[in-house]
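> based on what follows, work out the 3D shape:
(one chain, ligands or ions: 1)
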Amino acid sequence: MSQPKIYYFDNNATTRVAPEVLEAMLPFFTEHWGNPSSAYRFGHQLTKSIEGAREKVAALINADPREIVFTSCGTESNNSAIHSALVTHPAKRHIVTTAVEHSANIKFCAHLKKQGFEVTLLPVESDGSLDIHLLEKSIRPDTAIVSTMWANNETGVLFQIEEIAAICRSKEVLFHTDAVQAAGKVKIDVKDIGMDFLSLSAHKLHAPKGIGALYVRKGVRYLPYVIGGGQEHGRRGGTENVASMAGFGRAAEMALANLSDEQTRVRKLRDRMETELLKRIPHSVRTGDREARVPNTSNVSFDGVEAGDVLKALDQLGICASSGSACTTGSLEPSHVLTAMGISAARARGSVRFSLGLYNQEPDVDYVVEHVPQVIAKLRGSRDHAPKK
Ligand code: PLP
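Below is the predicted model of the structure:
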């Protein structure tokens, strides 16, 4: 079945599997399909491939390979870090996180709250930034862990991870960062920053869905979340997804090599697209800080329209974009991230996220810049509450 051309601007939701990644994975379906835990070489030799992949994922964040635990996704990595902090410190029942986290964190914390844990959800400023003095003040003697994202999936806004890590170190509290949207977009050096846990997800980096990693700093006590066999050096049960691990390894290598492309070419494309959209569409605003954000993300709010209608119209033109996180698409609720930034419900409901990546080119941006203004004008024309010009 041939697919009509798509203009993919939803790289924060997921990314296309790179051909190089697929190539790295294929042998594990066709030739090397054994179980790494087996006693015979046909299976056991796969441990070398796993360790090779682990080294490459570690290199992306300047970690030691022994500090990397493969998981099934970013969600599991976030859950596992918080879970481990709580079970290794049973007397500490307080968690500090923020109001703009991904549901992989916020919903897990809501679940923990129901179990009797206390959760502080820190507010953010109107530009999406975090008041780190407030964060410092929120840490208590019974705080088990501080968990904040590095880059926001909806706005791309970056938190001051280095400063947050330093505060947590000085207060002797564990610090986890969800770097799912930061990896491959900004330089990550865990040794430099000194966090205790860091989450990664491969499908945001041109590898397949269903594989992630958790960095656990050497010396930090860790208890597994998924309990079963002794895989992952006893830190995560479950027969290893060797093909996906190999794909993740290759993707991590590529992400490291492509970091400067992301920071120059992708940033330039994003900035041109955003500037043109804001110029051509009256009553439109960017949401989130312009500077302190990842180079690929643009969140623009169009007054007088519903993002759901915009996305449907864009879909007809082959443009894939999103209204906030994929997990909330389809719900009528305005995004919790934009709401936390103090953006009105009406404006939040008109917000569209464009997220670029490795495969976006100039003509894709030309296409968006040409068609999005027409779509908004048409939708506004068909609505009673279109803004007055
Ligand atoms: N954290 C952030 C910031 C994300 O954007 C996502 C996915 O969109 C996740 C966590 C969850 O990752 P996964 O889809 O691998 O579970």
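> so which residues of the stretch 201-350 of the chain form helices?
231-234, 242-257, 259-261, 267-280, 307-316, 336-340, 345-349 (DSSP state H, counting those that start in this stretch).
> from D315, how far out is the residue nearest to E276 when sequence neighbours are not counted?
Residue nearest to E276 in three dimensions, not counting chain neighbours: V369, with 4.3 Å by CB to CB, 6 or more residues apart in numbering. Glycine gets a C-beta too; all of them are placed from N, C-alpha and C. Using CB to CB, to the nearest Å, V369 is found at 18 Å from D315.
> between those two, tell me which one has more neighbours.
V369 (17 against 12; other CB atoms under 10 Å).
> and the angle from the helix or strand where that one lies to helix 267-280?
Assigned by DSSP states H and E, V369 belongs to helix 362-381. Taking axes from the mean of the first three to the mean of the last three CA atoms, to 10 degrees, one finds that helix 362-381 is oriented at 30 degrees with respect to helix 267-280.
> now do the buried residues in helix 362-381.
By neighbour count with 16 or more other CB atoms under 10 Å, helix 362-381 contains the buried residues D364, V365, Y367, V368, V369, H371, V372, P373, V375, I376, L379, R380.
> now swap in stretch 202-209 and tell me
Per 16+ other CB under 10 Å, stretch 202-209 contains these buried residues: A202, H203, K204, L205, H206, A207, P208.
> list just the nearest of the residues you listed to the ligand.
Distance to the ligand across those (CB to the nearest ligand atom) is lowest for H203, with 5.9 Å.
> surely the closest one is in contact with T14?
Yes - the pair H203 / T14 is scored as a contact, 4.9 Å apart, by CB atoms under 8 Å.
> find the residues that touch each one of the two.
Here H203 and T14 have K209 as joint contacts, going by CB atoms under 8 Å, 6 or more residues apart in numbering.
> the residue nearest to E276 touches R280, doesn't it?
Yes - using CB under 8 Å, V369 is in contact with R280, at 7.1 Å.
> so how far is stretch 260-275 from its chain's centroid?
19 Å (CA atoms, centre = their mean, to the nearest Å).
> export the buried residues of helix 362-381 to a markdown table and append columns for pLDDT.
Compiled in a markdown table, the buried residues of helix 362-381 are given as follows (pLDDT from 0 to 100):
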| residue | pLDDT |
| --- | --- |
| D364 | 97 |
| V365 | 98 |
| Y367 | 98 |
| V368 | 98 |
| V369 | 98 |
| H371 | 98 |
| V372 | 98 |
| P373 | 98 |
| V375 | 98 |
| I376 | 98 |
| L379 | 97 |
| R380 | 95 |
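> still on that earlier bit, what's near enough to touch the residue nearest to E276?
Taking CB under 8 Å, 6+ apart, we find V369 in contact with R272, M273, E276, L277, R280.
> apart from its chain neighbours, what residue comes closest to the last one?
With CB to CB, 6+ apart as the criterion, R280 has its nearest non-adjacent residue at 4.3 Å, and that residue is P373.
> distance check, that neighbour against L277.
7 Å.
> helices along the stretch 51-200 of the chain, start to end?
Using DSSP H, counting those that start in this stretch, helices in the stretch 51-200 of the chain cover 74-88, 103-114, 132-138, 161-170, 190-193.
> those helices: which one's closest to the ligand?
helix 74-88 (2.7 Å).
> contacts for the closest one, please.
69, 71, 92-93, 95, 102, 104-105, 108-109, 112, 117, 144-145, 147, 174, 176, 178, 180, 196-197, 199-201, 204, 212-214, 216, 221-226, 236.
> show me which of those are buried.
69, 71, 92-93, 95, 102, 104-105, 108-109, 112, 117, 144-145, 147, 174, 176, 178, 180, 196-197, 199-201, 204, 212-214, 216, 222, 224-226, 236.
> contact residues of this structure facing the ligand?
Within the chain, the residues that sit near the ligand (CB under 6 Å from any ligand atom) are 73-75, 102, 104, 149, 153, 178, 180-181, 201, 203, 212, 325.
> now do 8 Å
12-14, 72-78, 101-105, 149, 151-153, 178, 180-181, 199, 201-204, 209-210, 212, 325-327 (CB under 8 Å from any ligand atom).
> re earlier: looking at the buried ones among the contacts of helix 74-88, which are in strands?
Those of the buried ones among the contacts of helix 74-88 mapping onto strands are 69, 71, 95, 144-145, 147, 174, 176, 178, 197, 199-201, 212-214, 216, per DSSP state E.
> so G43, which of the three states?
helix (DSSP: H, G, I helix; E, B strand; the rest coil).
> per-residue pLDDT, the nearest residue to it once chain neighbours are set aside?
Closest residue in space to G43, ignoring its immediate chain neighbours: G34 at 3.3 Å, by CB to CB, 6+ apart. We have a pLDDT of 97 for G34.
> what number of residues lie near G34?
Quick note: G34 (other CB under 10 Å) scores 16 neighbours.
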